[in-house]
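Peer 1: mind looking at a prediction? Sequence and model below.
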Amino acid sequence: MLNTFPAIIIVVPLLAALLIAGISFIDRRACFPIGVAALLISFAGAVAMLVNVVSTGVAMEYRFGGWAGPMGIVYVIDHLSALVLVVITGIALVNLVSSRQTIIDELKEKDGAFVALYLLFTAGLVGMTATGDAFNLYVLLEITSLSGYALIGLGSERAPLASLKYLFLGTIGATFYLVGVGYLYIATGSLNMVDLATIIPGLMDSGVILFAFIFCMTGLFVKMAMFPVHGWLPGAYSEASSPAAGLIAPLTTKVMIYILIRICLSVFSVEYVFANLDVGQIMVWLAIATIVFGSVSALAQTNYRRMLTYIIIAEVGYMVGGFFLGNKMGMSGAMLHIVNDAVMTLCLFMVAGIVVNRMKTDDRDGFKGLFRSMPFTMAGFVLAALSIIGVPPTCGFFSKWYLILGGVAAGNYWFVAALIFSSLVNAVLFFRLFEIAYFEPFGDDHHGESPGAGAVGIKEAPMIMLLPFLAVSFLLIVLGVYSGRIVTNIIYFAIPGGII
Amino acid sequence: MRGYNMDLLNLIAAKANYWTYIILMMVGFYALIAKNNLVKKIVGMTIFQTAVLLFYVSMSTKKGGTIPILHHGETTSLDPGHVSALVNVADYVNPLPHVLMLTAIVVGVATLGVALSLAIKVYKTYGTLEEDEINLQLRNG
């Protein structure tokens, strides 16, 4: 039973999406429970596989149709992919459960279509993480992207335009990746990642492999919104409806970074990327530019969700830079930050969902007086903000600590400086929000309004939104406390032996 | 003699399929980046994707190769009539890139569909498909 789980976790949401698309014409109320059930099965499967991989120490493999690699398509679950799978399915599940009210409020009669797309998107991400085939990865990347465009297009009035711009850039990115895979196939005659990894060391000096690497990296950079090609992200994520943003914003960029790590470590190999090409230094500089750009742009925003989107861009720089430092600490930090940043971003976007639901605005001023009217939501918000700033014992501190240690070990102090700069900017950004939410009616407002006037009649969020949100914000501390165990039991196994 | 007089003409002639795909891809890329009309951008995007199909299919061809379908008695096997025996790979074009591109065509069609439906929604909101006019409307609130 356990050895079919790699297939089950993707097939269940995929089939459920088709089922929901049909059922939404008959009874729309049935869509939501089916979606939750499908994601629950996926999540349970992912957790079971993580437990199995960690306890046995052996990667799981599923062969579609019984065809072994390199001929057939194989799904491989190793330490890192099992961890990322748990994150993907867990976040998708929690976000769907907590968005029940916002789906009804913001999407009205389109809720059936929304849940179907939501599951398709999750299935695509899960498949991308699990697959061991370079072309299969492209197909799943496009499944994810296409359902992502549609999910974003269901948002505000400006959303279709933002989504279309995302579609243009996203298609360029995916097509570049496809060209890269084509070059790999020309040079090696294989698409299986394990097989590629055995052939490429013999072709280290080949120009075709070099261009395959360049095309794959460029495509992935577009998809993960690295600095020069980030333009699509702020518009697309801030115009999306809040349940869609809560799914797409935490997961897309993080899974892309996972793919980047997978392609570099499992396909091109450490020797090729770090010794033969020696691109580490250039990539870290690109990451530094991304961090600085994202942080500075975030300072200029007055809209809460738009500010978050620029923070996401800065966080992409953290992970890419940490990975390309090329030492054990930096890579561990990058991999740990995939988990932590996904949970933190989810938390912050859940706050956005609650505030939009209650205050009908996502502008910064919508936070006025919220500490008084929504104490529990704001308590969770403070935790999430502290985590993204990097205050112990929240999880954001620990991954940032690993990244800084990696930067010091690599002697790249500019990267360390960029990380600290970004943390300080995050502190400014979030303490400004705390100030607005806590003091604003007393301080800047001299129009004789009573304390908390900005939020008169605003009550705490409904339980179905609040409980998952509080659970996730509590998880930030749990992840922080157990981050040492995550690193030693899971992440160290994902780092190849040559890295110190 | 090959390799000694590889002047530009030879370089183009020898790799004509790759040049065609690169030129097509760049035509699409130009339209995607530089055109003002959203539908023209979508057309450019389709050309951009189709160029890659050409690239994959052209790399699978072989000189004198035929379609990879085995007929009884047409194999170079030691035991004619039984296709399970030896097959001369050089006689057949590689079918795998074709199969991959079948999937990529489906992806391309789906992308086109999503792009056009988004363009319709944009048109309904702004009453135009010209990007500069939309930006003007956005700036004026």
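Peer 2: That came through, no problem. Numbering: from 1, shown residues only, chains lettered A, B, ... in the order given.
Peer 1: hmm, which helix or strand of chain B has the shakiest average pLDDT?
Peer 2: Least confident helix or strand of chain B, by mean pLDDT, DSSP states H and E, is helix B:8-14 with a mean of 78.
Peer 1: after it, heading C-terminal, what element do we hit next?
Peer 2: Heading C-terminal from helix B:8-14, the first helix or strand you meet, by DSSP states H and E, is helix B:16-34.
Peer 1: is the least confident helix or strand of chain B anywhere near chain A?
Peer 2: No: residues of helix B:8-14 contacting chain A under C-beta under 8 Å from any C-beta of the partner chain: none, with a closest distance of 14.3 Å. C-beta: built from backbone N, CA, C; applies to glycine.
Peer 1: count of neighbours near A:Ile41?
Peer 2: Taking other C-beta atoms under 10 Å in any protein chain shown as the criterion, the count of residues near A:Ile41 is 18.
Peer 1: in contact with it, which residues?
Peer 2: A:8-9, A:12 (C-beta atoms under 8 Å, 6 or more residues apart in numbering or on different chains).
Peer 1: from A:Leu119, how far off is it?
Peer 2: 11 Å (C-beta to C-beta, to the nearest Å).
Peer 1: does the nearest residue to A:Leu39 once chain neighbours are set aside count as helix, strand or coil?
Peer 2: Once flanking residues are discounted, A:Leu39 sits nearest to A:Leu93: 4.2 Å by C-beta to C-beta, 6 or more residues apart in numbering or on different chains. When classified by DSSP: H, G, I helix; E, B strand; the rest coil, A:Leu93 comes out as helix.
Peer 1: ok, A:Val76 next?
Peer 2: Taking three-state DSSP, the label given to A:Val76 is strand.
Peer 1: chain neighbours aside, what residue packs nearest to it?
Peer 2: Spatially, and ignoring its direct neighbours in sequence, A:Val76 is nearest to A:Gly132 (4.1 Å; C-beta to C-beta, 6+ apart).
Peer 1: so what does the residue of the stretch 351-500 of chain A found nearest chain B look like in phi/psi?
Peer 2: Proximity of the stretch 351-500 of chain A to chain B (C-beta to the nearest C-beta) peaks at A:Asp363, 14.9 Å away. In terms of degrees, to the nearest 10, the main-chain angles of A:Asp363 are phi -70, psi 160.
Peer 1: identify the residues contacting the residue lying closest to it once chain neighbours are set aside.
Peer 2: Among residues not flanking A:Asp363 along the chain, A:Asn303 sits closest, at 5.6 Å (C-beta to C-beta, 6+ apart). Contacts for A:Asn303 (C-beta under 8 Å, 6+ apart) come out as A:238, A:362-364.
Peer 1: ok, A:Asn303 to A:Val76 distance?
Peer 2: 41 Å.
Peer 1: flag every residue of chain A that's near chain B.
Peer 2: Residues of chain A lying near chain B (C-beta under 8 Å from any C-beta): A:135, A:138-139, A:142, A:146, A:149-150, A:153, A:157-158, A:160-161, A:163-164, A:167-168, A:171-172, A:175, A:178-179, A:182, A:185-186.
Peer 1: just the buried residues of those.
Peer 2: A:135, A:138-139, A:142, A:146, A:149-150, A:153, A:158, A:160-161, A:163-164, A:167-168, A:171-172, A:175, A:178-179, A:182, A:185-186 (16 or more other C-beta atoms under 10 Å in any protein chain shown).
Peer 1: nearest spatial neighbour of the residue most central in space within chain B, skipping sequence neighbours?
Peer 2: Closest residue to the average C-alpha location of chain B: B:Leu53 at 2.1 Å, with C-alpha atoms, centre = their mean. Of all residues not flanking B:Leu53 in the chain, B:Met101 sits nearest, at 4.8 Å (C-beta to C-beta, 6+ apart).
Peer 1: and A:Thr309, by the same measure?
Peer 2: Nearest residue to A:Thr309, sequence neighbours excluded (C-beta to C-beta, 6+ apart): A:Pro234, at 4.1 Å.
Peer 1: biggest helix in the chain, by residue count?
Peer 2: Looking at chain A here, since you left the chain open. Longest helix of chain A, by residue count under DSSP state H: helix A:328-359.
Peer 1: um, chain B though
Peer 2: In chain B, with assignment by DSSP H, the single longest helix is helix B:95-126.
Peer 1: perfect, that will be all.
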